[in-house]
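In: predicted model and sequence below, questions to follow.
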Amino acid sequence: MNDKALYTASEAARALGISLDTLRRWDRAGRIKTRRDEANRRLVPAREIARLKGERSGELSARNRFHGVVRDVKTDGLLAQVELDVTEPARILAIVTREAVDELGLRKGMAATALVKATSVMVKGD
């Protein structure tokens, strides 16, 4: 990102790696602060892009954060395994097919397990 103070919506979306439609939804939902120019086009302050990318004060931009206490650290060569006891309630939202819901018999109030598949898990000390 260069030294511009304001970015057009399409420039901001590109910088954040999201679609323009997603940026518009975020704006309507209040997840991102925008301004309007004289033609009523969205402008995004550079500090908002930095905030969402996690570039300020060492913050991460990942939405799904599970805060906890380190239970164990195991190291083996170049790798380490960090185990956390999650201390805060967490809510998981999954988008699945209706067919999957029907096959699993999922309904409100029943016990279920969420399996989170991610390309990476980041751990940061608080």
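Out: Alright, I've got the coordinates.
In: the longest helix in the chain is where?
Out: Using DSSP state H to define each element, the chain has its longest helix at helix 20-29.
In: and it, what does it pack against?
Out: When contacts are defined as 3 or more Cβ pairs under 8 Å, 6 or more residues apart in numbering; DSSP states H and E, helix 20-29 sits against helix 9-16, strand 42-45. (Glycine included, C-beta is placed from N, CA and C.)
In: got a markdown table for the ones you listed, with distance to residue 52 and mean neighbour count too?
Out: Output for the helices and strands packed on helix 20-29, formatted as a markdown table (distance: least, Cβ to Cβ, whole Å; neighbours: other Cβ atoms under 10 Å):
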| stretch | distance to residue 52 | mean neighbour count |
| --- | --- | --- |
| helix 9-16 | 6 | 18 |
| strand 42-45 | 9 | 20 |
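In: and the most far-flung residue of the chain relative to its centre, helix, strand or coil?
Out: Residue farthest from the centre of the chain, counting by Cα atoms, centre = their mean, is residue 38 at 31.5 Å. Per DSSP: H, G, I helix; E, B strand; the rest coil, the local secondary structure of residue 38 is coil.
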